[in-house]
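Participant: Everything below, folded, please.
(chains A, B, C and D)
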Protein chains: 4
Amino acid sequence: MRKIRLGMVGGGQGAFIGEVHRIASRIDDRYELVAGALSSDPQVSAASAAELGIAHDRAYADFHQMASAESEREDGIEVAVIVTPNYLHFGPARVMLQHGIHVICDKPLTAHLEEAEELAMLAKDSGCLFAVTYNYSGYPMVRQAREMIRSGELGAIRLVQVEYPQDWLATDIESDGQKQAVWRTDPSQAGKGGSIGDIGTHAFHLAEFVSGLKVSSLLAELTSFGEGRKLDDNAQILLRYNNGARGSLWASQIAVGHENGLRLRIYGEKGGLEWFQEDPNKLNLSLLNMPKQILTRGGPGVGELANRSSRIPSGHPEGFLEGFANLYKDFSELVIARGNGDDTNIEDTLLPTVADGLRGVRFIETAVASSQAGGIWQDLN
Amino acid sequence: MRKIRLGMVGGGQGAFIGEVHRIASRIDDRYELVAGALSSDPQVSAASAAELGIAHDRAYADFHQMASAESEREDGIEVAVIVTPNYLHFGPARVMLQHGIHVICDKPLTAHLEEAEELAMLAKDSGCLFAVTYNYSGYPMVRQAREMIRSGELGAIRLVQVEYPQDWLATDIESDGQKQAVWRTDPSQAGKGGSIGDIGTHAFHLAEFVSGLKVSSLLAELTSFGEGRKLDDNAQILLRYNNGARGSLWASQIAVGHENGLRLRIYGEKGGLEWFQEDPNKLNLSLLNMPKQILTRGGPGVGELANRSSRIPSGHPEGFLEGFANLYKDFSELVIARGNGDDTNIEDTLLPTVADGLRGVRFIETAVASSQAGGIWQDLN
Amino acid sequence: MRKIRLGMVGGGQGAFIGEVHRIASRIDDRYELVAGALSSDPQVSAASAAELGIAHDRAYADFHQMASAESEREDGIEVAVIVTPNYLHFGPARVMLQHGIHVICDKPLTAHLEEAEELAMLAKDSGCLFAVTYNYSGYPMVRQAREMIRSGELGAIRLVQVEYPQDWLATDIESDGQKQAVWRTDPSQAGKGGSIGDIGTHAFHLAEFVSGLKVSSLLAELTSFGEGRKLDDNAQILLRYNNGARGSLWASQIAVGHENGLRLRIYGEKGGLEWFQEDPNKLNLSLLNMPKQILTRGGPGVGELANRSSRIPSGHPEGFLEGFANLYKDFSELVIARGNGDDTNIEDTLLPTVADGLRGVRFIETAVASSQAGGIWQDLN
Amino acid sequence: MRKIRLGMVGGGQGAFIGEVHRIASRIDDRYELVAGALSSDPQVSAASAAELGIAHDRAYADFHQMASAESEREDGIEVAVIVTPNYLHFGPARVMLQHGIHVICDKPLTAHLEEAEELAMLAKDSGCLFAVTYNYSGYPMVRQAREMIRSGELGAIRLVQVEYPQDWLATDIESDGQKQAVWRTDPSQAGKGGSIGDIGTHAFHLAEFVSGLKVSSLLAELTSFGEGRKLDDNAQILLRYNNGARGSLWASQIAVGHENGLRLRIYGEKGGLEWFQEDPNKLNLSLLNMPKQILTRGGPGVGELANRSSRIPSGHPEGFLEGFANLYKDFSELVIARGNGDDTNIEDTLLPTVADGLRGVRFIETAVASSQAGGIWQDLN
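Facilitator: Purely as a prediction, here's the structure:
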């Protein structure tokens, strides 16, 4: 199978998520990273490119150059990955689409709602593929959970409880210049949401993705506990879903003792299930009047969809990177299919789309508005 | 040590919580059950009394008789335990106080706020001891958690997350006449609260008991999922605490897969802790920049207070009944002390008092009001 | 239901297991403790009796007196409980049987094989009931496990893995005079076995009780790690069962981090199960080609036998004391039945008998012999 | 950083472990797979090579050809990976060494002890690097455990308990032609060991690797439960270590309910630790008289060595493939260092060497001999 040519915006030395994307793109051997505008600092950009084996002439000073130059090459990049801070997603994403380059963009899609809306339109008009890396949807047992709910195993859904506690911002490490903390707590770089943008959107996407429901309205209580912090580091949200289900979402970056504690619990008339990101190869399933069952990735009772998103036998744990890689793998299949004249719509796959990205930004802004109004119910269209 | 003479109201054949109280009272050998008005059905009452070894002449047809007769005996009951359905707490509690008999009453204290207020006043005026069995406060590791927070180990508290999911009302078993379900889903017997009254008050008390904080306002979303059910079977509540801490409370009786899943998590500036009722001998403790620790009942690092509430060595699990028994044990010490001229105030012990009971009823009514108003913030006072 | 009159040998102030027996006897209200020879020190004996509400004239200086005096009273004790150190089981047990008093004896039955053999014969000849408190067989989910294996749910059993690690003897606390450690590490008081006698026999009984198999031969490696310790504090044993199954037993009192870690895992042709004493309300069940299931005490899929050994609903944890109490409850039913002319054989109940006690002593002596011979296979018969 | 040129022997379509090696080699981007003798069937070999992007002229019909041809190319492979069934490790490994090509070989090293001895000598004489993929030693928290023991945190080691239960051979699936089962249960392909060779050697290596001890003697009880099975599918082994420590090793492929349950527990005078392969990001640590601690990959209290073997932050689980990749990464550094004139000895790294591979084969043969002699102690040397 031929490899897809990839270019990266952001992700130079010292970055975190860029390396995650690179490993994820390598695991299934479907991509080769051939170009990059890896840093706004030209020297960092060049040094990072060298380290990554990107040819000197394809290490660009900025994303505009990359888009122009690559789109003119016979062997130019087919896909651009955008892993800059939130406020710098919009610019490169727009330019790539304008040059007919498919986009994989980190979340949240943009720092402002209007930008997200513009990207959604642009993506549609361009005909390019556009995925947003709500990567938790790539875990096999998350997909298994979704499939079980779609097939009606839990009956009508009544409750969706999702939480995403972390503790890395329990103290104000941004004052000490910790790079990740600095930009994520700065409204000019992160947008209006703090914890709600960084992790709350993951939780929100996961809840809708697995339940198959849509949130119709919400009520949010956002708080900043870190001294002098301008953005929320804790978010408590009540949710009403379109079918009458209820739920809550808790995101926190000051909950001491939690590393990356994304947990989803969904309850229907006939059953309940639970998935926990830190133990991702398991899915707890409870059906009415039956003992609790623990499904395992690759194990008995797990369906085709999850198995296709899995590489090694049960009991050999796959982790965060493999789940992330599933998005890359799925995206690669769409790109290859395009080349073969198959125009499968990305909306018909499991991949989070630009529309999901837009919905995530709307979620952030609605929650912020609800909280600023003192905690009142707000519609989420 | 002499045994305290106990009388019971309710708890006849077919009841659940009455037997729990009886076992709890026996474990530490501080009480003898000598009188009862065990059922509103005289035949059930007599048969139940016989089964329990209560003398025929002290098996009363109703609680009025019991109060009068016992208060006139030299060897009359010193303590009355009230384990009737909620709406029948008020009457017997009042009568016992009026006859100078100490009271242990199941929760919620009453079905109506005014009754709770009256009992609180009566208890004060009577000089009798009055405890409400928020029994989860009796678990040794719950007391350990409280003690650690009081001593400042977690720093200022920021977040209190409490949840209490069950699933026994996932279907409308009250239609089939299941005795516990019938009265607990009937407003005329249970009061205004369904799940919020039955288990939400436990969660509320536990959160305040352990954190040492008071809830200042709340916003509730109560729902009834069971077909035709008149009271809530699911409650999502946001809470603001008096020191600025935030929190949420989730109580549910339709969350399939949960048996008695009371879980408390509290986060402060310097640490977090977690306690789970179904694994009650453990307390998870996370201090900033240290590995998570698991404290065990009777194990290293556990203090005097918890150890005094414990009977057997670590690793030999104590359970629900032993935790419940701790309330009985503490209460017995107060009664004995009274007899010895020591007027220790029940408010100065760990025991849940009539004031806590009143606060619980107020919590229920405030939550119901918030929810009925569409989900708005309400002061809790 | 009338209460059975109980006398206790040993268990005075400062003892551990005596109090456990007393609580266990109280939980279901079937016994009253009316006599005692609680300590070899007459003052301790009297003081302990007073504390326990035993009448002055039934607080005996020694067990001989107790046996004689009580057997002559109209209202004399029906059952004697023996909770002295191992080497002091034989004497009182023999005397009680000789006076026609039923016996509940702590484990191991005796410090010497010949004594155990004598008791087994005496018990048979006397017609008295005799139980040995291998109390872990009283846990409801242990009984559930046994029942599932008997009914063939796991198919023919292939493997029995049992382990019982503790750490309280990791250092030589006997040198500091810790009372429990002193006698349990002293061959003249404990007998030939250290950890193997104190906890290994529990594990051995549990393995046979649940599997329904008998060990036919064993090979043992006993070690003493504590400085200057004369008895084993760690035992590794390979086992061959009478049906060809294999297994191992590990008992240790120096395995730092374990409190009371008795764990049993049994594997058959069609399934496997696991039970862990520190989380005793659960039973993990794995059937071929099905997801793992977690059965809970009182929950779905649990049978009559376990449910009869249980008091409160699922999710409300019962613990060590309730499991222990099940032996007392079962024993009380036999005693009452005798009084009613029903001579149900104790061998036909779930109770551990004097024969089980004898088998436990034989297990200890065989293991010691195997180990002393350098680790060779020995028949167990 | 330049990529190392890799050739693969075995691992064609339908194989399992070959793909694991390929992913492991890709994760850190240090290798490129440029040649292969992927199958003994030339057509499968060619088709597999095409699928993997190996140039047509470097897809060899057999490993002899590959060794000759590649060793003559300027850009020939530097490292050969051998992922054939056990009995086919020796041939290719020998040839590669003879052509001066470094070797990464799957375990067990060979099917016969003499072959393993020959390879050990050849490797030494050739000056080539030779690693055996006891991949569990690559997990960060395994390395953390080793480091803590080396630094004396647990004190002198007393006990090493290792177990490795699986259940995939609970029924005789080899009769149905399941490819992995067929060769692994066939002495002519697997060698003398069944479960002991396939997984027991992993457990054995892990125990010595982490404890820093050497087994001096062992006693084994090997059993075949699968109908008509010629090799063991269950192994119970007692071990004596060179410092006087004791231990046991249990490997099973018929323990229903276990997927890949490798678990290591080590106890010293001052502490104990536990690591479980199916939850590999955690390490349980118990120090005397302190609460149990749970160390997490990348979390507080974890050292340099583990952190260097890790890619992403704590709470984002790494799994089996990342652990495996650590061996590839470490090996790549040695190869690059060689090119730079640095002759760091592989024995001075964490990598399992040909000597470890030889020791593993000796362990298998000694265990088989012990068991065949009826279960007697045998020196391991």
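Participant: Apart from its neighbours in sequence, what residue is nearest the residue of chain A most remote from its centre?
Facilitator: No residue in chain A sits farther from the centre than A:Asn289, which is 35.9 Å out by CA atoms, centre = their mean. Spatial nearest neighbour of A:Asn289, excluding adjacent residues (CB to CB, 6 or more residues apart in numbering or on different chains): C:Pro300 at 5.0 Å. Every residue, glycine included, has its C-beta placed from N, CA and C.
Participant: Pull the number of nearby residues for the one you found.
Facilitator: Neighbours of C:Pro300 under the rule other CB atoms under 10 Å in any protein chain shown: 15.
Participant: List the contacts of it.
Facilitator: By CB atoms under 8 Å, 6 or more residues apart in numbering or on different chains, the residues touching C:Pro300 are A:289-291.
Participant: what about it, which SS state?
Facilitator: What DSSP: H, G, I helix; E, B strand; the rest coil gives for C:Pro300 is coil.
Participant: Check the gap between it and B:Asn234 for me.
Facilitator: From C:Pro300 across to B:Asn234, the span is 21 Å (CB to CB, to the nearest Å).
Participant: Report the separation between A:Ser216 and chain D.
Facilitator: 31 Å (CB to the nearest CB, to the nearest Å).
Participant: now the angle between strand B:215-223 and the helix or strand containing that residue, please.
Facilitator: Secondary structure from DSSP states H and E places A:Ser216 in strand A:215-223. Computed with axes from the mean of the first three to the mean of the last three CA atoms, to 10 degrees, the direction of strand A:215-223 lies at 170 degrees from that of strand B:215-223.
Participant: Would you mind pulling the contact partners of strand A:215-223?
Facilitator: Contacts for strand A:215-223 (CB under 8 Å, 6+ apart): A:194, A:196, A:204, A:207-208, A:232-242, A:363, A:366-368, A:370-371, A:375-380, B:219, B:238, B:240, B:246, B:375.
Participant: Show the buried residues in the residues you listed.
Facilitator: A:194, A:196, A:204, A:207-208, A:232-241, A:363, A:366-368, A:370-371, A:375-378, A:380, B:219, B:238, B:240, B:246, B:375 (16 or more other CB atoms under 10 Å in any protein chain shown).
Participant: Now do the SS call for the residue farthest from the centre of chain A.
Facilitator: coil.
Participant: mind checking how far it is from A:Asp41?
Facilitator: Remark: distance between A:Asn289 and A:Asp41 (CB to CB) = 62 Å.
Participant: Then A:Arg265?
Facilitator: Per CB to CB, A:Arg265 is found 44 Å from A:Asp41.
Participant: which of these two has more neighbours?
Facilitator: A:Arg265 (22 against 13).
Participant: what's the helix or strand for that one?
Facilitator: With DSSP H and E as criterion, A:Arg265 is part of strand A:263-268.
Participant: what's in contact with stretch A:47-66?
Facilitator: Under CB under 8 Å, 6+ apart, the answer for stretch A:47-66 is A:7, A:9, A:11-13, A:22, A:33-40, A:42, A:45-46, A:69-70, A:77, A:80, A:91-92, A:95-96, D:1, D:3, D:29.
Participant: residues contacting A:Ala46?
Facilitator: With the criterion set at CB under 8 Å, 6+ apart, A:Ala46 makes contact with A:56, A:59.
Participant: With B:Gly197 as the reference, measure out to it.
Facilitator: 67 Å.
Participant: How about A:Gly76?
Facilitator: For A:Gly76 relative to B:Gly197 (CB to CB), the value is 66 Å.
Participant: more neighbours, these two?
Facilitator: Between A:Gly76 and B:Gly197, counted using other CB under 10 Å, B:Gly197 has the larger neighbour count: 28 against 20.
Participant: That one is in contact with B:Asp186, isn't it?
Facilitator: No. Between B:Gly197 and B:Asp186 there is no contact under CB atoms under 8 Å: 11.6 Å.
Participant: joint contacts of these two?
Facilitator: B:Leu231.
Participant: what mean pLDDT would you report for stretch A:28-43?
Facilitator: The pLDDT scores in stretch A:28-43 average 94.
Participant: cool, stretch A:53-60 as well?
Facilitator: In the prediction, stretch A:53-60 has an average pLDDT of 95.
Participant: mind checking how far that stretch is from the chain centre?
Facilitator: 27 Å (CA atoms, centre = their mean, to the nearest Å).
Participant: And that stretch, what's buried?
Facilitator: A:54, A:58-60.
Participant: Any chance of a markdown table for these, columns secondary structure and distance to C:Glu153?
Facilitator: Formatted as a markdown table, the buried residues of stretch A:53-60 follow (DSSP: H, G, I helix; E, B strand; the rest coil; distance: CB to CB, whole Å):
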| residue | secondary structure | distance to C:Glu153 |
| --- | --- | --- |
| A:Ile54 | coil | 60 |
| A:Arg58 | helix | 63 |
| A:Ala59 | strand | 64 |
| A:Tyr60 | coil | 65 |
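Participant: between these, which is nearest C:Leu350?
Facilitator: A:Ile54 (71.9 Å; CB to CB).
Participant: need the helices for the stretch 151-300 of chain A, in chain order.
Facilitator: A:179-184, A:187-190, A:195, A:201-211 (DSSP state H, counting those that start in this stretch).
Participant: Send me the first one as CSV with only the CA atoms.
Facilitator: In other words, helix A:179-184. What follows is helix A:179-184, C-alpha atoms only, in CSV (Å, rounded to 0.1, in the frame of the first residue of the first chain):
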residue,chain,number,x,y,z
LYS,A,179,5.1,26.0,28.2
GLN,A,180,1.9,23.9,27.9
ALA,A,181,0.4,25.7,30.9
VAL,A,182,1.2,29.2,29.6
TRP,A,183,-0.7,29.0,26.4
ARG,A,184,-3.5,26.9,27.6
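Participant: Could you pull up the mean pLDDT of it?
Facilitator: 90.
Participant: So is that helix next to chain D?
Facilitator: No. Applying CB under 8 Å from any CB of the partner chain, one finds helix A:179-184 separated from chain D by no less than 9.3 Å.
Participant: roughly how far is that helix from the heart of the chain?
Facilitator: Using CA atoms, centre = their mean, the offset of helix A:179-184 from its chain centre is 18 Å.
Participant: Also stretch A:356-374?
Facilitator: For stretch A:356-374, the distance to the chain centre is 17 Å (CA atoms, centre = their mean).
Participant: Out of the contacts of strand A:215-223, name the ones that lie in strands.
Facilitator: A:234-241, A:378-379, B:219, B:238, B:240, B:246 (DSSP state E).
Participant: Distance of A:Val34 relative to A:Ala49?
Facilitator: 10 Å.
Participant: Please apply the same query to A:Leu321.
Facilitator: Between A:Leu321 and A:Ala49 the distance is 22 Å, computed by CB to CB.
Participant: Next: A:Ser332.
Facilitator: A:Ser332 is 22 Å from A:Ala49, by CB to CB.
Participant: Where does the stretch 1-150 of chain A get nearest to chain D, residue-wise?
Facilitator: Across the stretch 1-150 of chain A, no residue is closer to chain D than A:Arg26, which sits at 4.9 Å (CB to the nearest CB).
Participant: Quick check: residues of chain A near chain D?
Facilitator: So far as CB under 8 Å from any CB goes, chain A lies against chain D at A:1, A:3, A:16, A:19-20, A:22-23, A:26-29, A:51-53, A:166, A:258-261, A:277-281, A:296, A:299, A:311-322.
Participant: Buried subset of those as a PyMOL selection?
Facilitator: Buried residues among these (16+ other CB under 10 Å), as a PyMOL selection:
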select buried, chain A and resi 20+22+23+26+27+28+29+52+166+258+259+260+261+277+278+279+280+281+296+299+311+312+313+314+315+316+317+318+319+320+321+322
